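Q: here is a sequence together with a model predicted from it:
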Amino acid sequence: MKESKEVKKSSEEYDKLAILENTADCIWVYSLAENRFLYISPAIYTQRGFTVEEAMKETLESSMTSESIQKILNASNKCLPRFLAGDRSEEVTINVSDFEVYCKDGTIKNIEVSTRLILNENTRSVDIIGVSRDITRRKQYENELLEKLRSLSETEASYKVNDIVKIRIQFFKKFSVYGPGNAVPIRWTTLKNEELLAFLLTRTHNCITKDEILESLWPEVEFYKAGAYLHNTLYSMKKDLKNAGIFFETVFKNGCYTYYLDDYYSDLLHFSKLIQDTVLPFDSVDDIARASLEKIVELYTGDFLEKNGYLWAHSDCNFYRTKFNSAALALSKYYFMKRNYNAAKRVLLKILEVDYSDEYTHELLLQVYLQDNDYIAFLRHYNELKNYLQRELQITPKTTIQNLYNRFYPVAMKITEEKTSFF
């Protein structure tokens, strides 16, 4: 009888072990006190390409992307103190979330991880029991759906621009106004006509004092003479707009001008809306935020009114460039962490198109070249930067860039010579 019970117990343990060993989901136990895995099921090989022995040597930090590690830290900071204080509610002990893990071949895979906090009775420390599930296919379906929804949204916006809001105004790089159905911008009778409209449209409020206009557009002209210039310019500007099929009207009351303009689309309004709607800070960029950041980078074709050279636009120019830089750097960081080095390089090069003297971005780009093992580009870009700084500013690259170059120069030269030795 005793032997029969032992056989039954052994059989039950075997069944449990068989389930653990053969399930497609990876089951694991992690010790927070020892910062290591205590158990990992063989499914780890199917999910990530590592053997159990290889995976057991990993830490959480080495197995996941930095964004995923940050998610774990945030969850731990929220739940662990309550668990240690005796709270055993499911809100504290159980968590289900998506993470990104590194595979043995260097790729990144999406997994869903269900975890439970337990108190190890032997060590009196906290362990985590987890079940990891490959959700790559599910993520692909979700991304395809997001792309379709985004495409429909962009198509709808395109219809609004082309069919309803037929006036287009461009502020980045050069101020240009396009009348309904026109592919060619308005040719202004005078440059002041163009500048006056740009000034009015870029005020944050539709009530602009006469003094503000005169001080900005005619700063060195006597007040009464400048007032006459403003009157004549307003009349001429409206005429130019009317000839282009654009209705524009102003009202002067209590020393202020208010204006009415037909509905229009502008890159500046679109840019500002995206900046406002995109969650700050950009530390955790998801796929939807990535699409917004890509659009921000696309819209920024050059500095605000760059080609016009309006003195009154300098502060706004710096403001929008700062916003662009923040968004573009966040986007490049996103691509870098995803190991999409080509996309990261594309975004960083766009920043340098706007301001080539930005050494911080140059340093980031050099680091991306190194991570991508593109040593030829690394050497070429450093030399281009060095020559530019010497030619334009009579300075050398900053110390951190020089140190980076000196550190990797021998390796870069050796690999470059090996790649070109067959010529």
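A: That came through fine.
Q: every contact and neighbour count from this point should use C-alpha atoms.
A: Will do.
Q: which helices and strands sit right next to the helix or strand Leu38 falls within?
A: For Leu38, the element it lies in under DSSP states H and E is strand 36-40. Here strand 36-40 touches strand 26-31, helix 52-56, going by 3 or more Cα pairs under 8 Å, 6 or more residues apart in numbering; DSSP states H and E.
Q: ok, 10 Å please
A: Under the contact criterion of 3 or more Cα pairs under 10 Å, 6 or more residues apart in numbering; DSSP states H and E, the helices and strands touching strand 36-40 comprise strand 26-31, helix 52-56, strand 126-134.
Q: Phe83: what's it in contact with?
A: For Phe83, the residues meeting the contact criterion (Cα atoms under 10 Å, 6 or more residues apart in numbering) are Ser76, Ser89, Val92, Thr93, Leu117, Ile118, Leu119, Val126.
Q: give me the element it is part of.
A: Take DSSP H and E as the rule and Phe83 turns out to sit in helix 66-84.
Q: next: Cys317.
A: helix 314-337.
Q: gap between that helix and the chain center?
A: For helix 314-337, the distance from its own C-alpha centre to the chain's C-alpha centre is 9 Å (Cα atoms, centre = their mean, to the nearest Å).
Q: could I get the helices and strands packed on strand 36-40 as JSON lines with distance to Ser63 and mean neighbour count?
A: Rendered in JSON lines, the data for the helices and strands packed on strand 36-40 read as follows (distance: least, Cα to Cα, whole Å; neighbours: other Cα atoms under 10 Å):
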{"stretch": "strand 26-31", "distance to Ser63": "13", "mean neighbour count": "20"}
{"stretch": "helix 52-56", "distance to Ser63": "8", "mean neighbour count": "15"}
{"stretch": "strand 126-134", "distance to Ser63": "13", "mean neighbour count": "20"}
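Q: the ones you listed: which one's closest to His381?
A: The closest approach between His381 and any of the helices and strands packed on strand 36-40, judged by Cα to Cα, belongs to helix 52-56 at 38.2 Å.
Q: what lies in contact with the closest one?
A: Among residues not part of helix 52-56, those counted as contacts by Cα under 10 Å, 6+ apart are 28, 30, 36-45, 48-50, 63, 104.
Q: can you give me the strands for the stretch 251-400 of the chain?
A: 256-261, 264-266 (DSSP state E, counting those that start in this stretch).
Q: most tightly packed of those strands?
A: The highest average neighbour count among these, using mean count of other Cα atoms under 10 Å, belongs to strand 264-266 at a mean of 18.
Q: pull the distance from it to the chain's centre.
A: Here strand 264-266 shows a centroid-to-chain-centroid distance of 24 Å under the convention Cα atoms, centre = their mean.
Q: now do stretch 204-224
A: Relative to its chain's centre, stretch 204-224 lies at 38 Å (Cα atoms, centre = their mean).
Q: start and end of that stretch, how far apart?
A: Using Cα to Cα, to the nearest Å, the end-to-end distance of stretch 204-224 comes to 26 Å.
Q: where does this structure have low pLDDT?
A: For the chain, the stretches flagged by pLDDT under 70 are 1-22, 141-165, 279-284, 416-423.
Q: domain map for this protein?
A: The chain breaks down into these domains under automatic domain parsing: 15-134, 165-262, 356-423.
Q: closest to Cys317 out of those domains?
A: Cys317 lies closest, by Cα to Cα, to one member of the domains of the chain: domain 165-262, at 9.2 Å.
Q: how long is stretch 202-212 from one end to the other?
A: Using Cα to Cα, one end of stretch 202-212 lies 13 Å from the other.
Q: sorry, wrong one. I was asking about stretch 293-305.
A: One end of stretch 293-305 sits 21 Å from the other (Cα to Cα).
Q: now it: buried residues?
A: By neighbour count on 16 or more other Cα atoms under 10 Å, the buried set for stretch 293-305 is Leu293, Glu294, Ile296, Val297, Leu299, Tyr300, Thr301, Gly302, Asp303, Phe304, Leu305.
Q: ok, and the closest non-adjacent residue to the fourth one?
A: By that I understand Val297. Ala328 (6.2 Å; Cα to Cα, 6 or more residues apart in numbering).
Q: reformat the strands of the stretch 251-400 of the chain as CSV; add distance to Arg82.
A: Listed next are the strands of the stretch 251-400 of the chain as CSV, based on distance: least, Cα to Cα, whole Å:
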stretch, distance to Arg82
strand 256-261, 58
strand 264-266, 51
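Q: and the ones you listed: which comes nearest Gly245?
A: strand 256-261 (11.5 Å).
Q: wait, what's in contact with the closest residue to Cys207 other than its chain neighbours?
A: What sits nearest to Cys207 in space, not counting adjacent residues and going by Cα to Cα, 6+ apart, is Thr258, at 4.8 Å. Thr258 sits next to Leu200, His205, Asn206, Cys207, Ile208, Thr209, Glu249, Thr250, Val251, Phe252 when contact means Cα under 10 Å, 6+ apart.
Q: how close does the fourth one get to Cys256?
A: Spatial separation of Cys207 from Cys256 under the definition Cα to Cα is 6 Å.
Q: please apply the same query to the third one.
A: Applying Cα to Cα, one obtains 9 Å for the distance of Asn206 from Cys256.
Q: hmm, back to that, list only those of the contacts of Thr258 flagged as buried.
A: Neighbour counting with 16+ other Cα under 10 Å marks Leu200, Cys207, Ile208 as buried within the contacts of Thr258.
Q: can you confirm the first one is in a helix?
A: Going back to what we said before, that points to Leu200. Yes: secondary structure assignment places Leu200 in a helix (DSSP: H, G, I helix; E, B strand; the rest coil).
Q: my guess is Ser76 contacts Ile94, does it?
A: No: contact status for Ser76 versus Ile94: not in contact, 11.3 Å apart, counting by Cα atoms under 10 Å.
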